[in-house]
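Give me a 3D structure for the following:
(chains A and B)
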Amino acid sequence: MTIEELEQIAKNVHQENAKYDYEVNVCMDLACASQGAGALKDALAKAAEASGKRVLVRRTGCMGPCSHGPLVRIDPEDTLYHHVNAGNADTIVKSLGAEPVAKLQCDLNEHFDKQVRVVLENAGYIDPEKIEDYIGRDGYKALLTVLTEMTPNGVVHRITESGLRGRGGGGYPTGLKWGTVAKAAGDQKYVVCNGDEGDPGAFMDRSVMEGDPHRVIEGMAIAGYAVGASKGYVYVRAEYPVAVSRLTTAIREARRQGLLGNNICNTPFNFDVEIRLGAGAFVCGEETALIASIEGKRGTPRPRPPYPAASGLWGKPTLINNVETYANIAPIVRHGGKWFFNMGSERSKGTKVFALTGKIANTGLVEVPMGIKLREIIEDIGGGVPGGHKFKAVQTGGPSGGCIPAEMLDVGVSYDALLKMGSIMGSGGMIVMDDTSCMVNVARFFIEFCMTESCGKCIPCRAGTAQMFTLLTRICNGTGTMDDLALLEDLCSTVKDTSLCGLGQTAPNPVLSTLKYFRNEYIEHILQKRCSAGVCNMERIKPEVPSEVVA
Amino acid sequence: MPVFTPPPLPSEDKRWKIVNGTMRKNGFARHALIETLHTVQSSFGFLDDESIRFVALSLRVPLSQAYGVATFYHYFTLKPPGKHTVTVCAGTACYIKGADKLIETAEKRLGIKQGQTTGDGNISLMVARCVGACSRAPVVLCDGEVVGEMSREQIVEQLERWAVE
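Numbers count the residues shown, from 1 in each chain, chains lettered A, B, ... in the order given. As a prediction, the model looks like this:
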């Protein structure tokens, strides 16, 4: 595959698409598919054929506002229809070229206006199983440009210049990581993509892998060239069967087009990608545990250093980045590091994809520039808390993050600001809670999660989380005392300071942040035996620690 | 070094050929352990002693390591699943929207705890960490199919439909 050939494919796609007067894009992501988007697409295709109009019906990845699904977008008019079912197919096709169907039209201008789409630029515009669709939207152009016009050092420099930081949650500067692996000695190096989205309540990576799989592969291949690796692994959760099948198809198509394999674009660069399935272990999001899992072992972390950049997969220098990080690479190469650097806040550049869920009107995927206020995400993009309830907190960072109260909503979203508030950026889960959520109960939920997900290797995490769970359960069922609360706080700092890996070190965050902002709820549970949110049944819950986690 | 010959298939069952295929594709490398156990589970529905032994022997992995892996990962199950499986998602978004009440309702209706199968082998009740359909919380998988915005009445209805089949 040469640049000319790539451009020819893009041209062919545009010519093919130009044969149609209308494009009917049907969102077939999980949320829409579970509401009958499959039958809807078939009905639209049938109606389009019967109408005699030149209509292209296309399945696409997630368009964003999942709570409005199933979604259909008509191009070139850019009309968005929501809550569409198969019965509406004829009406929609009939309306093409005339007035849009008013009762299905979806007014989400405010939702979309504040968003900036970089990672999700193709979401809703391409068929994820057609490599031609991706190429038609400048896909693989960055890879071929890199191979023919840039040195590996030049690529690392461009990523460094962009200011991109790891999107898996840690926020480590991506360029710095790439540079370290590039400098590491060794003929065999590996590039690994972390698609083990274990954070419950987050689904950005799933949507990217399912809706735009080639973007991830292209990012990995560019990384391979930059650091000198010829082999890549995508580590995907087995709970995401569609993502696995889309990636499998994408890898096959890329090989067929000569975009993976030997001598890509007639250069000496060889690169291939393989899929590895996760098997449901949250700790495998930690890089050393993930490496152990790819090697076919139990996913337990090991102390660092040595860092994977020096000694990773099978002892070789290994670059590990998250799905969203790789998804940012191609646009940075295409538009330049400065373009990316100019978006976002002072120390957090570019955009971030969030999975907005919980007690909020517009649930779904949103991509916003860094530095945007939490209030804008929740009230303008998310449409606020529905049902006349009052906003209480927003949870970011999953089990490693914290709950942010209403007073802090005017803070701009950045790695540092979230950390300062006692939460973390995390991979991008953003769960909104209203006055019907009990913060003590939420803390207990996360500690239970960390307790069962603790791999058991180090004692502070294995035993500490189990003890914290028992204490929180006591507080939730009304048998807790103020001494329990003091012990809980003490344990938080012990577990935080002495655990081996990120799982244990961040496990106390949900407790610490709720104690910081919602201490009165803890006190109310202990002294008044009352849960004002009405969640905790003061007599019901007995601490049940599974026998295998008791130290 | 003597040439390694993989052990014979445990029985005539065609599913063993699929399992063997995964191992052959990976050159019987040790690191294919998790991949192979995935194939066993998707073919047989669960992992039993016989399959773990066969895979361990074929990949020259110590039995302890194979068993360790099979029990470490939540996705693998050592118990045969029921004819139907209802999986309640207990991710954060689902939890906030009442997944715990759904689990409680299903436990009461079936008379079993989460992770168990009814005595007649008809229905298994499982709890998932997160299936990634958070925008439609609370989510339940009925025999693998995603059903969003599930209510307690709906889950009972579904369980009753399966019970009378």
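
Residue ranges of each domain in chain B, please.
Chain B breaks down into these domains under automatic domain parsing: B:15-72, B:84-164.

Buried deepest among those, which one?
domain B:84-164 (a mean of 20; mean count of other C-beta atoms under 10 Å in any protein chain shown). Glycine gets a C-beta too; all of them are placed from N, C-alpha and C.

Now do it, average pLDDT.
Per-residue pLDDT values over domain B:84-164 give a mean of 94.

ok, now which ones touch residue 57?
In the absence of a named chain, chain A is used. Residues in contact with residue A:57, defined by C-beta atoms under 8 Å, 6 or more residues apart in numbering or on different chains, are A:24, A:26, A:41, A:44-45, A:48.

Wait, chain B was what I had in mind.
Contacts of residue B:57 (C-beta under 8 Å, 6+ apart): B:6-7.

Most widely separated two among the contacts of residue A:57?
A:26 and A:48 (11.3 Å; C-beta to C-beta).

Please say which of the two ends up with more neighbours.
Set residue A:26 next to residue A:48 and count neighbours by other C-beta atoms under 10 Å in any protein chain shown: residue A:26 wins out with 27 against 22.

The nearest residue in space to that one that is not next to it in sequence is in what secondary structure piece?
Excluding its sequence neighbours, the residue lying closest to residue A:26 (C-beta to C-beta, 6 or more residues apart in numbering or on different chains) is residue A:41, at 4.4 Å. Assigned by DSSP states H and E, residue A:41 belongs to helix A:37-51.

Dihedrals phi and psi, the closest residue in space to residue A:73 that isn't next to it in sequence?
The shortest distance from residue A:73 to any non-neighbouring residue, by C-beta to C-beta, 6+ apart, is to residue A:25 (4.6 Å). Main-chain dihedrals, residue A:25, degrees, to the nearest 10: phi -100, psi 120.

What strands flank the lengthiest strand in chain A, and is each parallel or antiparallel?
The single longest strand within chain A, with elements called by DSSP state E, is strand A:351-358. Sheet pairing here is set by DSSP bridges, and for strand A:351-358 it gives strand A:364-369 (antiparallel), strand A:429-434 (parallel).

Throw those into TSV and include mean pLDDT, distance to residue A:141 and mean neighbour count, thanks.
Below are those laid out as TSV (pLDDT from 0 to 100; distance: least, C-beta to C-beta, whole Å; neighbours: other C-beta atoms under 10 Å in any protein chain shown):
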stretch	mean pLDDT	distance to residue A:141	mean neighbour count
strand A:364-369	96	21	24
strand A:429-434	95	32	26
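
Which one, of these, ends up nearest to residue A:182?
Comparing those by C-beta to C-beta, strand A:364-369 comes nearest, at 28.9 Å.

now that closest one, how far from the chain's geometric center?
Taking C-alpha atoms, centre = their mean, to the nearest Å, the mean C-alpha location of strand A:364-369 is offset from the chain mean by 10 Å.

hmm, the lowest-mean-pLDDT helix or strand in chain A touching chain B?
For chain A, counting by mean pLDDT, DSSP states H and E, helix A:109-113 ranks last in confidence among helices and strands (a mean of 90). No: Helix A:109-113 lies apart from chain B when judged by C-beta under 8 Å from any C-beta of the partner chain; the minimum separation is 13.2 Å.

Touching that helix from outside, list them.
So helix A:109-113 is contacted by A:64-65, A:362, A:366, A:380-383 (C-beta under 8 Å, 6+ apart).

can you list the residues of chain B near chain A?
Chain B has residues B:30-35, B:37-38, B:61, B:65, B:68-69, B:72-76, B:90-93, B:95-97, B:128-137, B:145-148 near chain A, with proximity defined as C-beta under 8 Å from any C-beta.

Now, those residues that are in helices?
If you go by DSSP state H, the residues of chain B next to chain A have B:33-35, B:37-38, B:65, B:68-69, B:72, B:92-93, B:95-96 in helices.

what stretches of the stretch 401-550 of chain A score poorly on pLDDT?
A:539-550 (pLDDT under 70).

residues touching the residue of it found nearest chain B, list them.
For the stretch 401-550 of chain A and chain B, the shortest gap (C-beta to the nearest C-beta) falls at residue A:431, measuring 5.1 Å. Counting by C-beta under 8 Å, 6+ apart, residue A:431 makes contact with A:201, A:357-358, A:394-396, B:92-93, B:96, B:134.

What segments of chain A are strands?
Using DSSP E, the strands of chain A run over A:22-27, A:55-60, A:72-75, A:79-81, A:190-195, A:231-236, A:272-277, A:318-322, A:351-358, A:364-369, A:391-396, A:402-405, A:429-434.

Take those strands and lay them out in TSV including distance to residue A:110.
Output for these, formatted as TSV (distance: least, C-beta to C-beta, whole Å):
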stretch	distance to residue A:110
strand A:22-27	20
strand A:55-60	22
strand A:72-75	17
strand A:79-81	13
strand A:190-195	32
strand A:231-236	34
strand A:272-277	39
strand A:318-322	29
strand A:351-358	14
strand A:364-369	12
strand A:391-396	17
strand A:402-405	22
strand A:429-434	17
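
Indicate which one of the ones you listed is closest to residue A:157.
With C-beta to C-beta as the measure, strand A:318-322 is the member of the strands of chain A nearest residue A:157 (16.0 Å).

Counting by contacts, list what the closest one packs against.
If contacts are counted by 3 or more C-beta pairs under 8 Å, 6 or more residues apart in numbering or on different chains; DSSP states H and E, strand A:318-322 sits against helix A:174-183, strand A:190-195, helix A:213-227, helix A:287-294.

ok, how many other residues are close to the residue nearest to residue A:472 when sequence neighbours are not counted?
Counting by C-beta to C-beta, 6+ apart, residue A:444 is the residue found nearest to residue A:472 once chain neighbours are left out, at 4.0 Å. Residue A:444 has 24 neighbours, counted by other C-beta under 10 Å.

Verify the contact between residue A:444 and residue A:470 for me.
No: counting by C-beta atoms under 8 Å, residue A:444 does not reach residue A:470; the two are 10.1 Å apart.

got the buried residues for stretch A:253-267?
A:253-254, A:257-260, A:264-265 (16 or more other C-beta atoms under 10 Å in any protein chain shown).
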